[in-house]
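# The following block contains a protein sequence and its predicted model.
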Amino acid sequence: MIAAVEPGVISAGIEVYCVGLGDPAYLSTAALHSLAASSSGKFFQTTDALVLRKQFVEILADAFRLSMAADPLLDLQQGVPTAVPVQMTNCESRISFVLLWEDPTAQVQMSVRAPDGTTFSSVSAATNRLLRYIARPGYRIFEITLPPGPNQTIGPNQLGEWQMLIDPVYIAGGSTRASTSVFVKSEIEIAAQIQASTVGAPMSISIELTHAGSVVDDAQVVVRLTSPVTSLAELSTTLVQHRAAAADTHHIPPALQILTKTTTADCEAPFSKRRYGLERSVPVDGVYRAEVTATGKACGGTFERYWSGSFYVGPGEKDRRHIVAAETIRVSGRVDAPAAE
């Protein structure tokens, strides 16, 4: 149990990344969020298996103190090549391009084009020690090291727009969803903190952009906030918790599954006192997700940075009393019978 191991993990200084796959009503979201926050890690939650894989890429980048430069999802169509652009500056020393797709039987090729037109394909890594290429069922990875050299003459010109070139050669169903992630080793870094305790207390999101330790104060920062519409505590009835606990051996029929409704809004975060930030009210308890996109000028060019994470907000004291009373009514009235759910 988390409560049994959490003190030892925290005292050892271990960062913990907690990942929940499934609806928040069937997960111990409060415990997962608490463990991640207490250990200076991060909490992720999703109902989407492709997004889950994308989140593990983010964890990998974060664990090695790398920055996400781009992270879009897209639909691949058989025989229709597509290009995903990403801006690079002179402050990047390594770039990693990661492509994931849902159908592991699909044949998808990936190459990378530098701003000067230099194109790296799967065969380039055999003769270029600055490249690393990995191909496995369902994913491709390109890692490019950019040593500075005298007057930056070693390797391609890195300043400007790079492109991840994707060629869906064969897809059994004609199309498949894909995730494209780009992370970099760079002097330009992004960090975010979210403070939100209970319903009724304001939620604050604070983002810090730095270049070689100095604050970047002239970027455009947008926060995409996905919020629950209904109270998680009210959805998490005793019956739902029992179903979640038994789900390994007794799968929950689709007709009885709960899917928490959410709403998403984009908000621009203004700069103030070393940070970009915004405050929002918290209408209901549950799991929230923040995605931060930052663009600006530094190191001779345009940079892009991406950060995401989930967080749990508990009910206020008034909400707790209401939920306890409602649960008592459900039990006494036998509304918790499966046929009535």
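Now that the structure is in, tell me what you want to look at.

# Phi and psi next, for residue 144.
phi -120, psi 120 (degrees, to the nearest 10).

# and it, how far is that from residue 107?
Computed as Cβ to Cβ, to the nearest Å, the residue 144 to residue 107 distance reads 23 Å. Where C-beta positions appear, they are placed from N, C-alpha and C, glycine not excepted.

# Among the two, which residue is more densely surrounded?
residue 144 (24 against 13; other Cβ atoms under 10 Å).

# bridging residues for the closest residue in space to that one that isn't next to it in sequence?
Of all residues not flanking residue 144 in the chain, residue 95 sits nearest, at 4.9 Å (Cβ to Cβ, 6 or more residues apart in numbering). Assessed by DSSP bridges, residue 95 has beta-bridge partners residue 144, residue 184.

# who are the neighbours in contact with residue 95?
For residue 95, the contact set (Cβ atoms under 8 Å, 6 or more residues apart in numbering) comprises 69, 88, 143-144, 146, 158, 162, 182-184.

# Which two among these are spaced furthest apart?
Farthest apart among the contacts of residue 95 by Cβ to Cβ are 158 and 183. That separation is 15.0 Å.

# what's the first-to-last distance across stretch 113-128?
15 Å (Cα to Cα, to the nearest Å).

# got the buried residues for that stretch?
113-115, 120, 124-125 (16 or more other Cβ atoms under 10 Å).

# so can I have CSV of the residues you listed showing distance to residue 308, pLDDT and secondary structure?
Formatted as CSV, these follow (distance: Cβ to Cβ, whole Å; pLDDT from 0 to 100; DSSP: H, G, I helix; E, B strand; the rest coil):
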residue, distance to residue 308, pLDDT, secondary structure
113, 26, 94, strand
114, 27, 92, coil
115, 27, 92, coil
120, 28, 92, strand
124, 31, 90, helix
125, 30, 88, helix
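
# among those residues, which two are most distant?
Among the buried residues of stretch 113-128, 115 and 125 lie farthest apart (Cβ to Cβ), at 19.9 Å.

# Now the phi/psi pair for residue 59, please.
phi -60, psi -40.

# thinking it is in contact with residue 36, fair?
No: between residue 59 and residue 36 there is no contact under Cβ atoms under 8 Å: 10.8 Å.

# Overlap of the contact sets of those two?
Joint contacts of residue 59 and residue 36 (Cβ under 8 Å, 6+ apart) are 17, 42.

# In terms of neighbours, single out the busier of those two.
In terms of neighbours (other Cβ under 10 Å), residue 36 is the more surrounded of residue 59 and residue 36; the figures are 22 against 16.

# That one touches residue 18, doesn't it?
Yes: with contact defined as Cβ under 8 Å, residue 36 reaches residue 18; the gap is 4.5 Å.

# okay, and the common contacts of these two?
42-43.

# need the strands for the stretch 201-341 of the chain, in chain order.
Secondary structure of the stretch 201-341 of the chain by DSSP state E, counting those that start in this stretch: the strands cover 203-211, 214-215, 220-228, 262-268, 271-272, 275-280, 286-298, 301-313.

# so where's the stretch 51-200 of the chain shaky on pLDDT?
Across the stretch 51-200 of the chain, the ranges flagged by pLDDT under 70 are 147-156.

# Spell out the residue ranges of the helices in it.
Using DSSP state H, counting those that start in this stretch, the stretch 51-200 of the chain contains no helices.

# Okay, strands next: where are they in it?
Under DSSP E, counting those that start in this stretch, the stretch 51-200 of the chain gives strands at 67-70, 73-77, 82-88, 92-101, 107-113, 119-120, 131-136, 139-145, 160-170, 175-186, 188-195.

# and of the ones you listed, who's closest to residue 50?
strand 175-186 (5.6 Å).

# so what does the closest one touch, helix or strand wise?
Applying 3 or more Cβ pairs under 8 Å, 6 or more residues apart in numbering; DSSP states H and E, we find strand 175-186 packed against helix 49-63, strand 67-70, strand 73-77, strand 82-88, strand 92-101, strand 160-170.

# Residue 2: what's it in contact with?
28, 31-32, 34-35.

# Now go through the residues you listed and say which are in helices.
31-32, 34-35 (DSSP state H).

# Select only the buried ones of the residues you listed in ChimeraX?
The buried residues among the ones in helices among the contacts of residue 2 can be selected in ChimeraX (16+ other Cβ under 10 Å) with this line:
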select :32,34,35
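
# farthest pair in the ones in helices among the contacts of residue 2?
32 and 34 (7.3 Å).

# list residues touching both of the two?
By Cβ under 8 Å, 6+ apart, the residues touching both residue 32 and residue 34 are 2, 312.

# before we move on, the earlier item: compare the strands of the stretch 201-341 of the chain and give me the one nearest residue 136.
strand 301-313 (23.6 Å).

# What helices and strands are in contact with that closest one?
helix 29-38, strand 42-46, strand 67-70, strand 82-88, strand 188-195, strand 203-211, strand 286-298.

# related to what we said a few turns ago, name the stretch among the strands of the stretch 201-341 of the chain that sits most buried.
Among the strands of the stretch 201-341 of the chain, the stretch with the highest mean neighbour count (mean count of other Cβ atoms under 10 Å) is strand 301-313, at a mean of 22.

# Please work out the average pLDDT along that one.
For strand 301-313, mean pLDDT is 95.

# Taking strand 82-88 as reference, get the angle to that strand.
100 degrees (axes from the mean of the first three to the mean of the last three Cα atoms, to 10 degrees).

# domain ranges for the protein?
65-186, 194-340 (automatic domain parsing).
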